[in-house]
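**Q** Need coordinates for the following:
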Amino acid sequence: AEAFGRGELDVKADVKTKDEVGELANAFNKMAKDLKISQERIKRLLAEFTQIYNNAPSPMRVIDKDFNIISQNEAMNELVGVSAEKAKGKKCYELLRSPAVCQTKDCSMKLIFQGIKRIDREQERITPEGKIIPCRQMATPFRDATGNIIGIIEIYTDISERKQFIEKLENERKRLSELLNIQKAFADILTSLASTAKLKPLLKSVLEKIIYYTDSQLGVIYILENEHLKPYAASALDLKKIKTFKIGDGLPGRCAVERKQIIVSDIPKDYFKISSGSGERLPNHIICFPIFYKDKLMGVLELGTLHTFSEKDISFLKIVAEQLGIGIDHALAYEKVEKLSQELQEKNELLVAQNEELQSQSEELSALNEELQAQAEELAAQKKALEEKTKQVEEANRLKSEFLSNMSHELRTPLNAILGMAKLLQEKIEDKTQKQYVEIIERNGQSLLALINDVLDLSKIEAGRVEVIWEKIYLKEFIESIIASVKPLADEKKLPLKTSFDESIDFIVTDPEKLKRILFNLLSNAIKFTDKGEVAVEVKAEKEKILISVKDTGIGIPEEALDYIFEAFRQVDGSTTRRYGGTGLGLNIAKKLAELLGGEIKVKSKVGVGSTFTVILPKQPIEKKKEEVLKQKIKSVLLREKSFGVKKVLIIDDDPVVIKELSIILKDEPYQIIFASNGKEGLDCIKKEVPDLILLDLKMPVMDGFALLEVLERDKRFKDIPVIILSALDLTKEEKERLKGNIKGILLKGFIDKTTFIETIKKILYGEKHERISPKILIVEDNPDNLFLLKEVFKNTDYEIYTAENGLEAIEKALEIRPNLILMDMLMPLMDGYEATHKIRNIPALKDIPIIALTAKAMKGNREEILAIGCNDYITKPFDFHELFKKVEKWLKV
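**A** Numbering: from 1, shown residues only. This is a model prediction of the structure:
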């Protein structure tokens with residue numbers, strides 16, 4: 001019995017008697033057995049409960065009435081980050097706290113002890129690490145064996161995902177609600193736009209709707225009229241007091257210029273105010289929104305609010321502004337139609353009134369019509385006859401021009417020989433009488449040659465076969481060179497030549513040869529017809545024109561002659577021809593050349609006082625066809641630039657026959673030919689152009705050849721330039737001793753063999769091995785204009801030029817000709833320059849050929865990209881010719 005009382009249920013009462021004690025012992029043993037079975041069942045149930053409790057997915061804990069944790073399951077351990085052993089004895093609010101509930105009247109413990117049987121609510125709980133977890137909390141009483149409440153049991157469920165899902169649903173509901181509101185607002189505004197076609201009522205109605213739906217406090221709609229923004233509709237403002245803005249002025253004007261919305265929060269004190277029963281105040285925010293119709297600015301919408309404009313508001317206003325632009329355009333069109341309709345109505349009434357008058361005149365007009373018909377038939381016949389006569393005159397003029405041209409050429413050919421022989425005779429014969437005869441032949445031959453040249457030039461001009469070569473020339477130096485050329489004529493008559501030059505004038509774009517011809521003719525005439533006084537040249541600018549005036553104090557021109565002075569073969573009278581000579585072609589040619597250059601010549605004159613001829617030219621030429629301008633630009637640049645591969649040959653001789661002869665010999669050679677008529681002009685050309693070879697006559701006016709050689713000998717820049725002497729006779733011993741500098745040979749005029757002459761020049765310029773192989777350059781370019789430009793640039797060089805229009809064609813051509821250099825455009829069809837360069841670098845036969853990229857890309861990084869794919873160098877478009885030749889020369893040497 002004592003052992004049983006200690007809980008030792010395995011002990012048995014060993015009594016075998018059959019009396020009351022035995023029966024009691026048997027009952028005792030049976031009760032112990034039953035208790036043991038019950039105890040084992042309780043242990044098993046407790047173990048199962050403990051396993052369920054600990055493995056439950058929801059965090060659970062048991063708390064006593066003093067808020068101490070009795071136990072907590074594994075899920076709760078994981079939630080609070082504290083094991084059950086360490087949690088035991090801690091206060092419940094230390095491990096999982098709710099600031100809104102814990103230690104307040106809403107505490108679960110307090111509510112349970114107040115008689116609430118079950119608590120089920122959502123709240124946020126904070127873990128010891130500070131993590132906030134949305135939870136569902138369930139709490140029930142925890143009772144002892146007698147049923148008394150001794151604490152609570154708490155079960156938690158993490159509802160974070162459900163809360164997030166609910167929030168998403170709520171946000172989507174709000175978004176859809178906003179869209180529905182916007183759609184409703186938009187439909188309401190569209191209804192207003194469709195309700196009337198009159199502009200002001202339409203704008204007033206729409207503005208009120210915009211104010212309502214954007215919760216704005218004031219607004220204005222401005223309409224663009226003649227570069228001004230005029231207020232057409234206003235809300236909460238007096239329309240009459242709102243100012244009109246110029247484009248660019250104020251917020252609306254700035255919005256119109258920038259073509260985008262402007263939001264301003266720092267509102268000036270003098271700006272629109274919001275009025276209410278409590279007084280006035282400035283809006284906190286102003287937005288100006290441009291109104292367009294098909295990219296055309298129609299006006300500006302301005303709104304003022306106390307709240308900030310949200311992205312929703314701006315998006316809504318953008319859509320509204322688009323529809324408002326359509327509405328404004330339609331309303332304006334309607335007003336125009338209304339106005340036109342009114343005008344048509346008025347005109348219709350006028351037409352009705354006039355109809356009776358017209359009806360009465362109809363019979364009279366019918367009679368007149370028959371008469372006019374007869375006159376029209378007569379005029380048609382006259383017009384046809386006139387057109388036939390015009391064709392005959394044009395054909396006669398063409399035949400005349402062809403005849404004059406052919407005759408001039410036929411005459412000039414033998415005349416050149418006559419003049420050349422006369423020149424030789426003049427230098428060889430000693431007899432004075434014979435010398436005089438030859439001088440007469442030579443002088444009159446030159447006059448005849450000048451006449452033939454004038455006739456030929458006139459015929460070419462009239463036949464339209466004169467080509468204008470536009471070049472940029474520096475006018476002051478150009479005028480000074482022409483004055484220097486006529487100075488000997490003025491010196492013969494002891495006439496001073498004066499100049500007056502506007503220093504603001506730098507250059508002019510014109511044809512220098514034709515302008516030189518014009519000014520030479522005018523200056524020659526001025527000197528010819530002036531015996532005393534002076535001849536002056538005045539140059540000044542007037543807007544986009546250049547005025548070059550040639551003034552003299554000569555015999556003057558009668559007023560009646562000014563009308564025909566520029567006509568061909570016309571002079572003032574016969575006595576002028578007899579006294580001064582001439583054909584009367586000079587002024588006619590000068591006038592026609594000036595017109596070819598886009599200008600004109602004007603004249604003022606007074607008999608006995610003198611004349612002023614003024615050449616008026618544009619500073620820049622009128623626009624020509626693209627290809628023609630391109631050709632002329634290339635020619636002018638190549639004439640001025642010291643280009644690689646083009647040698648410059650300077651011919652210095654005062655005999656135009658010799659210059660012409662040498663020009664004909666050298667015209668097909670790849671040289672740039674420069675001319676000078678005396679040593680001074682020659683020295684100026686040398687300083688400016690630095691020629692590769694000089695052909696020098698020794699006997700010339702102003703400065704002869706011997707003096708020029710001495711100047712060159714003293715200047716280290718020019719002393720090594722090779723010189724070929726041109727002489728009419730063999731030089732004496734004394735003359736040969738006077739020769740200075742780098743003399744390469746002496747040629748006798750009149751005995752120059754073309755083949756020998758050209759060979760001599762080649763040996764001097766290129767050395768003995770001048771028969772070298774010309775480098776091959778392959779130009780790869782798909783743009784025909786750029787290709788034409790590059791071909792023209794290299795036209796007068798020693799290079800052999802080949803072309804391709806895309807990368808694929810370039811590879812095929814390169815394999816065929818094996819070029820020394822490739823100029824590669826980077827953007828082309830079929831295969832671009834990048835891919836073509838990459839493939840060329842992988843072909844053994846082509847991989848070492850230098851490639852210069854031609855590209856319009858000039859941004860940072862493009863150069864590295866081009867060099868990385870295999871190009872040796874690159875040039876950006878539009879390129880400088882000098883830079884192009886410099887790079888070509890560099891890579892050909894490599």
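**Q** going forward, measure contacts between C-alpha atoms and count neighbours the same way
**A** Noted.
**Q** For stretch 799-809, buried residues please.
**A** For stretch 799-809, a neighbour-count test (16 or more other CA atoms under 10 Å) marks 801-808 as buried.
**Q** Provide the contact partners of it at residue level.
**A** Here stretch 799-809 makes contact (CA atoms under 8 Å, 6 or more residues apart in numbering) with 645, 774-783, 791, 794, 810, 813, 828-833, 835-836.
**Q** re the thing from before, in helices, which of the buried residues of stretch 799-809 appear?
**A** Using DSSP state H, 807-808 are the members of the buried residues of stretch 799-809 that sit in helices.
**Q** can you list the domains in this protein?
**A** Structural domains assigned to the chain are 7-52, 56-158, 196-309, 467-618, 642-766, 776-893, following automatic domain parsing.
**Q** pull the CA atoms of stretch 219-233 into PDB?
**A** Taking Å, rounded to 0.1, in the frame of the first residue of the first chain, the C-alpha atoms of stretch 219-233 are listed here in PDB:
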ATOM      1  CA  GLY A 219      -7.800  79.300 -65.700                       C
ATOM      2  CA  VAL A 220      -7.300  81.100 -69.000                       C
ATOM      3  CA  ILE A 221      -7.200  79.900 -72.600                       C
ATOM      4  CA  TYR A 222      -5.100  82.100 -75.000                       C
ATOM      5  CA  ILE A 223      -5.400  81.900 -78.800                       C
ATOM      6  CA  LEU A 224      -2.400  82.600 -81.100                       C
ATOM      7  CA  GLU A 225      -3.100  85.600 -83.400                       C
ATOM      8  CA  ASN A 226      -0.300  87.400 -85.300                       C
ATOM      9  CA  GLU A 227       2.500  86.300 -83.000                       C
ATOM     10  CA  HIS A 228       0.500  87.300 -79.900                       C
ATOM     11  CA  LEU A 229      -1.400  85.200 -77.400                       C
ATOM     12  CA  LYS A 230      -4.800  86.800 -76.800                       C
ATOM     13  CA  PRO A 231      -7.100  85.700 -73.900                       C
ATOM     14  CA  TYR A 232     -10.300  84.200 -75.300                       C
ATOM     15  CA  ALA A 233     -11.800  82.500 -72.200                       C
END
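**Q** What is the distance between that stretch and the centre of its chain?
**A** Centroid separation for stretch 219-233 versus its chain: 34 Å, with CA atoms, centre = their mean, to the nearest Å.
**Q** Now do it, average pLDDT.
**A** In this model, stretch 219-233 carries a mean pLDDT of 94.
**Q** circling back: adding distance to residue 381, write the domains of the chain out as JSON lines.
**A** Formatted as JSON lines, the domains of the chain follow (distance: least, CA to CA, whole Å):
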{"stretch": "domain 7-52", "distance to residue 381": "125"}
{"stretch": "domain 56-158", "distance to residue 381": "107"}
{"stretch": "domain 196-309", "distance to residue 381": "53"}
{"stretch": "domain 467-618", "distance to residue 381": "33"}
{"stretch": "domain 642-766", "distance to residue 381": "53"}
{"stretch": "domain 776-893", "distance to residue 381": "49"}
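**Q** Now tell me which of the ones you listed the model trusts least on average.
**A** Of all the domains of the chain, the minimum mean pLDDT falls on domain 7-52 (a mean of 71).
**Q** about what we covered before: show me the one of the domains of the chain that comes nearest residue 350.
**A** With respect to residue 350, and counting by CA to CA, the nearest of those is domain 196-309 at 27.8 Å.
**Q** From the contact counts, what lies against whichever strand or helix holds residue 482?
**A** If you go by DSSP states H and E, residue 482 is part of helix 475-492. Under the contact criterion of 3 or more CA pairs under 8 Å, 6 or more residues apart in numbering; DSSP states H and E, helix 475-492 touches strand 497-501, helix 512-528.
**Q** Determine the next helix or strand in the C-terminal direction from the shortest one.
**A** Towards the C-terminus, the helix or strand next in line after strand 497-501, according to DSSP H and E, is strand 507-510.
**Q** In terms of secondary structure, what does that following strand contact?
**A** Secondary-structure packing of strand 507-510 (3+ CA pairs under 8 Å, 6+ apart): strand 471-474.
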